[in-house]
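In: could you work out the structure for the sequence below:
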Amino acid sequence: MTEKLDILPLQEWGLPYSEKPFVIAGPCSAETEEQVIETAIALKKTGRVHVFRAGIWKPRTRPNSFEGVGSKGLPWMQRVKEETGLLTSTEVANVKHVYEALKYGIDILWIGARTSANPFAMQEIADTLKGVDIPVFVKNPITPDLELWVGAIERIRNAGINRVGAIHRGFATYEKTIYRNLPHWQIPIDLKNRIPGLPMLNDPSHITGKSEMIYDLSQQAMDLNFDGLIIESHRNPEEAWSDARQQVTPDELNEILSRLIIRQPVPDNQSVMDELGELRNIINILDDQLLVTLEQRMKVAEKIGRYKKKNNITILQSKRWEDIINKMLEKGKQKGLHEETINAIFKAIHQESINRQTEIMKQKD
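Out: The predicted model follows:
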């Protein structure tokens, strides 16, 4: 279902921005006035940063961690704007944060993953923003829940904010992966399809959790036609009071941005379009074959379900499932397929088989 939210494209937000990528950068946390100003001046010199960001209030998982300097850091953000001309942005998690940020002239707000997961908090913030003309970005919820993300954006738009966008920062996972938060790229892609024209930024800092991986994630986001990036940059990441591992220096950020290849979403060459059309037709045929294969597999799974019911056997056979997934992971590796992809596909297929067999178990004889 396509959502009709009448959202302005990023080019019409009235920001100092003309071509991709739109870049928001700055330290994870505002620590001291000197640190904020020095970092902002260095970022301004790159000529590639449009908005300066810094966390004033930091939502931390456990108490007794650095939770931000609080409102005393907001005058530092005012000074950034005065001395560099950069617009300023920060995260707001509750009504007090919104009032304080507006009072000190913050130019762009973003709402974090923990807050976007809470409809009550989102509605309170939305109510507070009624009648306020300010751009707002909404980060994805910590869980991979598209509807929750859509709902959070709808609440802000319904408050009268038409300069609203999304930030893809990845999704929390218990699995051990190379990422701090799993990208689950299909979810932001689905969001863009659900809300056409929605500006979308990528947050490679929080997805990777590692500074050396930021370029690769940023390039992938550009290749997926994201509008821009929000990247954590600190004058001296090794001394950062929070998330030191994922921050880059302004010089490193400049190098990352200078290496990005920005591609066009639609080619202007008809022969290229024709060739793409032929290849996409092949993809369509292969997709149809996949569906036929899945249908056949589920019919076999249903037969197995009826056999299990007749012989009073449990649906889940843990050893059998372990053997299947290990075998498929190994075969997928040999065929050059990513482990995460194979894992996700076969888990989904296995869940569908369980669902079908569960329905059979419920049937009366």
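In: stretch 40-51: which residues count as buried?
Out: Neighbour-count burial for stretch 40-51, counted by 16 or more other C-beta atoms under 10 Å, picks out 40-44, 46, 48-51. Every residue, glycine included, has its C-beta placed from N, CA and C.
In: no no, stretch 192-203
Out: Here stretch 192-203 shows 192, 194-195, 198-203 as buried, counting by 16+ other C-beta under 10 Å.
In: about what we covered before: just the ones of the buried residues of stretch 40-51 in helices?
Out: Among those, the members found in helices (DSSP state H) are 40-44, 46.
In: need those in JSON lines (columns: distance to Pro27 and pLDDT).
Out: As requested, those are arranged in JSON lines below (distance: C-beta to C-beta, whole Å; pLDDT from 0 to 100):
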{"residue": "Ala40", "distance to Pro27": "9", "pLDDT": "98"}
{"residue": "Ile41", "distance to Pro27": "13", "pLDDT": "98"}
{"residue": "Ala42", "distance to Pro27": "11", "pLDDT": "98"}
{"residue": "Leu43", "distance to Pro27": "10", "pLDDT": "98"}
{"residue": "Lys44", "distance to Pro27": "14", "pLDDT": "98"}
{"residue": "Thr46", "distance to Pro27": "15", "pLDDT": "97"}
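In: in the chain, where's the longest helix?
Out: Longest helix in the chain by number of residues (criterion: DSSP H): helix 270-310.
In: rounded mean pLDDT for it, please.
Out: Averaged across helix 270-310, pLDDT comes to 91.
In: in whichever helix or strand comes after that helix, what counts as buried?
Out: Beyond helix 270-310 on the C-terminal side, the first helix or strand identified by DSSP states H and E is helix 318-334. The neighbour-count check on helix 318-334 (16+ other C-beta under 10 Å) flags 328, 332 as buried.
In: pLDDT on helix 318-334, on average?
Out: If you average the pLDDT over helix 318-334, you get 91.
In: ok, stretch 222-231 next?
Out: In the prediction, stretch 222-231 has an average pLDDT of 96.
In: end to end, how far does it reach?
Out: Stretch 222-231 has an end-to-end distance of 14 Å (criterion: C-alpha to C-alpha, to the nearest Å).
In: number the chain from 11, please
Out: Let's use 11 as the start, then, which means that last one is stretch 232-241.
In: got a list of contacts for it?
Out: With C-beta atoms under 8 Å, 6 or more residues apart in numbering as the test, stretch 232-241 has contacts from 20, 30-35, 60, 63, 120, 147, 175, 177-178, 195, 198-199, 209-215, 224, 228, 231, 258, 263, 266-267, 270-273, 275.
In: buried ones only from these, please, as a ChimeraX command.
Out: The ChimeraX selection below is limited to those of these classed as buried (16+ other C-beta under 10 Å):
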select :20,30,31,32,33,34,35,60,63,120,147,175,177,178,198,209,210,211,212,213,214,215,224,228,231,258,263,266,267,270
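In: now, the contacts of stretch 232-241 that are in strands?
Out: Among the contacts of stretch 232-241, the subset assigned to strands under DSSP state E consists of 32-35, 63, 120, 147, 175, 177-178, 210-212.
In: and the contacts of stretch 289-309?
Out: For stretch 289-309, using C-beta under 8 Å, 6+ apart, the contacting residues are 359, 362-363, 366.
In: give me the buried positions along it.
Out: Residues of stretch 289-309 classed as buried: Met308 (neighbour count, 16+ other C-beta under 10 Å).
In: export it to CSV, keeping only CA atoms.
Out: In CSV, the C-alpha atoms belonging to stretch 289-309 read as follows (Å, rounded to 0.1, in the frame of the first residue of the first chain):
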residue,chain,number,x,y,z
LEU,A,289,18.1,-8.7,-18.5
ARG,A,290,15.1,-7.8,-16.4
ASN,A,291,12.9,-10.1,-18.5
ILE,A,292,15.3,-12.9,-17.6
ILE,A,293,15.0,-12.0,-13.9
ASN,A,294,11.2,-12.1,-14.2
ILE,A,295,11.4,-15.6,-15.7
LEU,A,296,13.7,-16.8,-13.0
ASP,A,297,11.5,-15.3,-10.3
ASP,A,298,8.5,-17.2,-11.7
GLN,A,299,10.6,-20.4,-11.6
LEU,A,300,11.4,-19.7,-7.9
LEU,A,301,7.8,-19.4,-7.1
VAL,A,302,7.0,-22.7,-8.8
THR,A,303,9.8,-24.4,-6.9
LEU,A,304,8.6,-22.9,-3.6
GLU,A,305,5.0,-24.1,-4.3
GLN,A,306,6.3,-27.6,-4.9
ARG,A,307,8.4,-27.6,-1.8
MET,A,308,5.4,-26.5,0.4
LYS,A,309,3.3,-29.3,-1.0
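In: hmm, Lys55 is touching Asp261, no?
Out: No. With contacts counted by C-beta atoms under 8 Å, Lys55 stays clear of Asp261, the gap being 9.3 Å.
In: which stretches in the stretch 61-210 of the chain count as helices?
Out: 84-94, 105-113, 123-126, 129-139, 156-168, 196-204 (DSSP state H, counting those that start in this stretch).
In: how far off centre is the third one?
Out: The chain centroid and the centroid of helix 123-126 are separated by 12 Å, computed with C-alpha atoms, centre = their mean, to the nearest Å.
In: helices and strands around that helix, which ones?
Out: Packed against helix 123-126 by the contact rule (3 or more C-beta pairs under 8 Å, 6 or more residues apart in numbering; DSSP states H and E) you find helix 129-139, strand 146-149, helix 156-168.
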